[in-house]
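Participant: No sequence on hand, only this structure:
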């Protein structure tokens, strides 16, 4: 029997780390080749008794908010691996996590997977979960990490080096020129290694990290506020157009006032409008907006080309040419310099100059950080105050989950997803259980 891991509120960080490590011991080997169901049962025994310390803090807070709001819609969650093609791995470990910790296996629920070892393409759906949102919202960190780690090892023979994490974080911190950097890469690698990786990130200069097991290595607790899954759940009640504002208001109602209010504003790809609307709704209580625009979208207010700069905010600004080395960070999809500039200008114009900006998505790339800092000097305006980074762990085949459908019951599921991430059907998925 595994030893219990202290709860996330433990006052003894050393005990937290040691107990979590003991809880991850391997099972005894078996003489015969186990079938799928036997493998899942064996894998369950390798998992810790308590999983909260390994979970990104914003997922823990999401469940707290959903329970307080009595909000538990049914959702379909879609998982894909960004880098491909290749052989999928870690799927059975993900199944073991869902079966051990959740009550998702109930009437109306279902789980479909691309079988372990199957060929997959970049962006192809490899797992599809249908369940009440409170049943699955907390476990994304762990099952994505297992898939990312095993798929990377199988295809690329790559293992994360703490020395490389430390070096990469040092470079990002130096490039950020005094701004706070948070390590947010827990869901990009196996939870069993999160404490060691987080410690390396702290040694490289990170100020915080997103899990309690990682933060405990330096006597802290994990940080995090709002993920997209909370906005999807809130959209069921208030409508998609109000998802960003209402998710932030729900956070404000139920989470300790000492925790800064940080709105995640890219859900509807209306980053400018939702930043201003959320700042106004919180009436001075909004500490920051976080921008995490995915690579499928161009930020609201951003430029796709320097020739597009017709808005008054660009008057007198000498924009980089298309062939400039920094142009890739100024224009086009994802979190771009021109898009962040538009948000900063809009917040200032609306009287919210005190609302800070947190950037995530791709900022483990030191070249991107450096480009933003150079842009600040050109624009004469501070573009960001905090960075959330995960890709300092190296060339990993990241796994991603998006809610793509939601409804009041399994029979009432309708398309609902953050902008740019709709349902991707995959006829090769196999159903392994259905309620």
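Facilitator: Structure received. Owing to the predicted nature of the structure, the values given are computational and were not obtained by experimental measurement.
Participant: Distance from whichever strand or helix holds residue 38 to the middle of the chain?
Facilitator: Using DSSP states H and E, residue 38 sits within helix 36-44. Relative to the centre of its chain, helix 36-44 is centred 27 Å away, using CA atoms, centre = their mean, to the nearest Å.
Participant: Tell me the helix or strand right after it.
Facilitator: Trace forward from helix 36-44 with DSSP H and E and the next one is helix 57-68.
Participant: average model confidence for that next one?
Facilitator: Average pLDDT, helix 57-68: 98.
Participant: ok, now stretch 149-168?
Facilitator: 97.
Participant: measure that stretch end to end?
Facilitator: 19 Å (CA to CA, to the nearest Å).
Participant: What are the buried residues along it?
Facilitator: 149-155, 160, 162, 165-166, 168 (16 or more other CB atoms under 10 Å). Where you see a C-beta, it was placed from the backbone N, CA and C, and this is true even at glycine.
Participant: again, but for stretch 113-125
Facilitator: For stretch 113-125, a neighbour-count test (16+ other CB under 10 Å) marks 113-114, 116, 118, 120, 124-125 as buried.
Participant: out of these, which are inside strands?
Facilitator: Among these, DSSP state E puts 113, 120, 125 in strands.
Participant: List the beta-bridge partners for the first one.
Facilitator: Beta-bridge pairing of residue 113 under DSSP bridges involves residue 127, residue 430.
Participant: so what's it up against?
Facilitator: Contacts for residue 113 were tallied using CB atoms under 8 Å, 6 or more residues apart in numbering; they are 91, 94-95, 126-128, 429-430, 432.
Participant: List only buried entries from the residues you listed.
Facilitator: If you count burial by 16+ other CB under 10 Å, the buried members of these come out as 91, 94-95, 126-128, 429, 432.
Participant: For the residues you listed, please prepare TSV with the additional fields pLDDT and distance to residue 273.
Facilitator: TSV is the format used below for the buried ones among the contacts of residue 113 (pLDDT from 0 to 100; distance: CB to CB, whole Å):
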residue	pLDDT	distance to residue 273
91	98	39
94	98	36
95	97	40
126	98	34
127	98	33
128	98	32
429	98	36
432	94	42
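Participant: Can you report how many residues neighbour the residue nearest to residue 253 when sequence neighbours are not counted?
Facilitator: In this structure, residue 253 finds its nearest non-sequential neighbour in residue 68, 7.4 Å apart by CB to CB, 6 or more residues apart in numbering. By other CB atoms under 10 Å, 12 other residues sit near residue 68.
Participant: Surely residue 68 is in contact with residue 254?
Facilitator: Yes. Under the criterion of CB atoms under 8 Å, residue 68 makes contact with residue 254 at 4.4 Å.
Participant: dump the residue contacts of the residue nearest to residue 253.
Facilitator: Per CB under 8 Å, 6+ apart, neighbours of residue 68: 250, 253-254.
Participant: Buried subset of those residues as a ChimeraX selection?
Facilitator: The buried residues among the contacts of residue 68 can be selected in ChimeraX (16+ other CB under 10 Å) with this line:
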select :250
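Participant: So which of the contacts of residue 68 is the closest to residue 311?
Facilitator: Each of the contacts of residue 68 was scored against residue 311 by CB to CB, and residue 250 proved nearest at 32.9 Å.
Participant: Once you drop chain neighbours, what's closest to the closest one?
Facilitator: Nearest non-adjacent residue to residue 250 (CB to CB, 6+ apart): residue 65, at 5.2 Å.
Participant: Same check on residue 132?
Facilitator: Closest residue in space to residue 132, ignoring its immediate chain neighbours: residue 72 at 4.9 Å, by CB to CB, 6+ apart.
Participant: got the contact list for the one you found?
Facilitator: 66, 132-134.
Participant: That one in helix, strand or coil?
Facilitator: Assigned with DSSP: H, G, I helix; E, B strand; the rest coil, residue 72 falls in the coil class.
Participant: how far away is it from residue 418?
Facilitator: For residue 72, the distance to residue 418 equals 20 Å [CB to CB, to the nearest Å].
Participant: Kindly report the same for residue 312.
Facilitator: Going from residue 312 to residue 418 by CB to CB gives 30 Å.
Participant: same deal with residue 374?
Facilitator: Applying CB to CB, the value for residue 374 to residue 418 is 30 Å.
Participant: Residue 312 and residue 418: which has the busier surroundings?
Facilitator: Legend: neighbour count by other CB under 10 Å for residue 312 and residue 418, higher for residue 418 (26 against 7).
Participant: In this structure that one contacts residue 227, no?
Facilitator: No. The pair residue 418 / residue 227 is not scored as a contact, 10.2 Å apart, by CB under 8 Å.
Participant: Spatially nearest residue to residue 233, not counting backbone neighbours?
Facilitator: Nearest non-adjacent residue to residue 233 (CB to CB, 6+ apart): residue 133, at 4.9 Å.
Participant: What is the burial count for that neighbour?
Facilitator: Residue 133: 22 neighbours (other CB under 10 Å).
Participant: mind checking pLDDT for it?
Facilitator: pLDDT, read off for residue 133, is 97.
Participant: For it, give me its contacts.
Facilitator: Contacts of residue 133 by CB under 8 Å, 6+ apart are 66, 71-75, 229, 232-233, 403, 406.
Participant: From residue 219, how far out is it?
Facilitator: Distance, residue 133 to residue 219, using CB to CB: 33 Å.
Participant: do you know how far the nearest residue to residue 47 once chain neighbours are set aside is from residue 114?
Facilitator: Leaving out its chain neighbours, the residue that sits closest to residue 47 by CB to CB, 6+ apart is residue 100, at 5.6 Å. Distance, residue 100 to residue 114, using CB to CB: 21 Å.
Participant: can you pull out the strands in the stretch 151-300 of the chain?
Facilitator: Per DSSP state E, counting those that start in this stretch, the stretch 151-300 of the chain carries strands over the ranges 180-183, 208-209, 261-264, 286-291.
Participant: could those be laid out in CSV, adding mean neighbour count?
Facilitator: Shown next, in CSV, are the strands of the stretch 151-300 of the chain (neighbours: other CB atoms under 10 Å):
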stretch, mean neighbour count
strand 180-183, 24
strand 208-209, 27
strand 261-264, 26
strand 286-291, 23
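Participant: That concludes my questions; thank you for your assistance.
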